[in-house]
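Chemist: sequence first, then the predicted structure:
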Amino acid sequence: SSERDDMQFPAARISAASATSIPARPMSPETPWMLSPIRTSPSQPLLYHCLASLHRHEGCILSLAVSKDLIFTGTKSCRIHAWRHPDCGEVGYIKAGSGEVWAILAYGRILITAHGDHRVRVWGVSAADNFRPKKIATLPPKNSFFVFPRKSSSQKHKDYISCLAYNHEEKLLYTGSWDKTVKAWKILENRCVDSFVAHESHVNAIAINQDDGCVFTCSSDGSVKIWRRVFGESSHILTMTLKFQLSPVNALALSSSPSTCILYSGSSDGLINFWEKEKTSGRFNHGGFLQGHHFAVLCLAAVADLIFSGSEDATIRVWRREEGNCLHTCLAVMDGHHGPVKCLAATLEREATVKGLLVYSASLDQTFKVWRVKVYPTEKVSLQHSAMEDQQMDGVDFEASPVLSPSWVVKKLQFSHVH
């Protein structure tokens, strides 16, 4: 019997998003969960506010991806929702009867989704004003009920597919799984071209350097590894293992430019380690770590010289790398979720003297948020602009008002103090 994926397309509508503005009152500095000050100053040149916040009643959002004009979210309910950004108007959804949607990747008009049945679906998606997705492939293909099992059954992952990455030039799809393996797929040929045991525990994230094809993987075994495809072949070889902590590594992000290439990894000890690539040898050297999150770092996103990190402590931190060196500054702590931030994505909305970005976050509190972020260059902050900000803040009450931390955070803090 063939697989059934029912695609449903409700009419476009404005979702029940609660549009919010810049919070009127910064929270007390006595609590670690406070909202970062909105004031722009030479020491903290960043403004942000939440454009929309959606609460999903059908379960936690497990995955998130952004294309040119659409946002895609995957949940435990088997549905893949498509939203227009940045206003979050729902344009349709795909209901695939194949388990939870653990990972999503969007590239051009192609959408790739990983499901609870340990298979990947590839969809062709149209523009937001005419959302009519079409399933292109299932990897590996499902066997017919009347046919003896083919080789494709051996190509299937034996556990959940946790991450996806796509090599644009080679047109190779990479899947990482809790079965400790990484597989490479030729989508147009519907087949797996390589499969290798990458780690001693769950593979949690994959990143690809589109310039040279290097594949980066991280795992709950605490390691980050670099793989390279053998020239003229489909197989991959391990070129370097980066291991600096025993803590599980949950997320990767690659920040690449003509002048530099830096790999970031987020781990369960709350640290973000980073490695810089040597221009001559191509070797990645450990540059240090970013410290600030109270609990595990679960997701990362890099845009230009900015790094966004989502954590189990329910916050999103914004970091900026200084030009010409590996020094980083935490520009803001974005607070709004009431549970671990599981997914992050960021896109550049405007690249000028003042950078404009859209940041998308999903949490295990069943909410999905869209943030608008403006980043000002430190050395060019206008005194007149700062004066205007001061006037706007004159009426703000700075009374001590601690944020009500989620109950699980309070319990975890109490547990850590006892032990």
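Modeler: Yep, that arrived.
Chemist: for stretch 334-354, how far is the first residue from the last?
Modeler: 19 Å (CA to CA, to the nearest Å).
Chemist: how far is it from where the chain is centred?
Modeler: Relative to its parent chain, stretch 334-354 has a centroid offset of 10 Å by CA atoms, centre = their mean, to the nearest Å.
Chemist: and if you look at stretch 54-71?
Modeler: From the chain centre to the centre of stretch 54-71 is a distance of 11 Å (CA atoms, centre = their mean).
Chemist: so for it, mean pLDDT?
Modeler: For stretch 54-71, mean pLDDT is 86.
Chemist: if you count neighbours, what's buried in it?
Modeler: Neighbour counts using 16 or more other CB atoms under 10 Å place Leu54, Arg56, Cys60, Ile61, Leu62, Ser63, Leu64, Ala65, Val66, Ser67, Leu70, Ile71 of stretch 54-71 among the buried residues. From N, CA and C alone the C-beta is placed, and that goes for glycine too.
Chemist: with stretch 348-356 instead?
Modeler: Under the neighbour-count criterion of 16+ other CB under 10 Å, stretch 348-356 has Lys355 buried.
Chemist: contacts for that stretch?
Modeler: Under the criterion CB atoms under 8 Å, 6 or more residues apart in numbering, residues Val303, Ala304, Leu306, Leu357, Leu358, Arg372, Val373, Lys374, Val375, Tyr376, Pro377, Lys380 lie in contact with stretch 348-356.
Chemist: averaged over its residues, which helix or strand of the chain has the lowest pLDDT?
Modeler: The helix or strand of the chain with the poorest confidence is helix 383-393; it has a mean of 39 (mean pLDDT, DSSP states H and E).
Chemist: for Gly59, helix, strand, or coil?
Modeler: Following DSSP: H, G, I helix; E, B strand; the rest coil, Gly59 is assigned to coil.
Chemist: pLDDT score for Ser256?
Modeler: pLDDT at Ser256 comes out at 86.
Chemist: wait, isn't it in contact with Cys214?
Modeler: No. Contact criterion CB atoms under 8 Å: Ser256 and Cys214 do not qualify, at 10.4 Å.
Chemist: out of the two, which sits in the more crowded spot?
Modeler: Shown here are Ser256 and Cys214; by other CB atoms under 10 Å, Cys214 has more neighbours (22 against 16).
Chemist: correct me, but the more buried one touches His236?
Modeler: No. Here Cys214 lies out of contact with His236, judged by CB under 8 Å, at a distance of 10.1 Å.
Chemist: helix or strand: which one has the residue nearest the centre of the chain?
Modeler: Note on the chain: the residue nearest the mean C-alpha position is Leu344, at 3.5 Å, using CA atoms, centre = their mean. Taking DSSP states H and E as the definition, Leu344 sits inside strand 341-350.
Chemist: so what strands line up beside that strand?
Modeler: Sheet pairing for strand 341-350, assigned by DSSP bridges, gives strand 355-363 (antiparallel).
Chemist: what about the partner strand, distance to the chain center?
Modeler: Distance of strand 355-363 from its chain centroid, counting by CA atoms, centre = their mean, is 10 Å.
Chemist: what does the pLDDT read for Val418?
Modeler: For Val418, the predicted pLDDT is 52.
Chemist: and the buried residues of stretch 54-71, which of them are in strands?
Modeler: Secondary structure assignment by DSSP state E places Leu54, Ile61, Leu62, Ser63, Leu64, Ala65, Val66, Leu70, Ile71 of those in strands.
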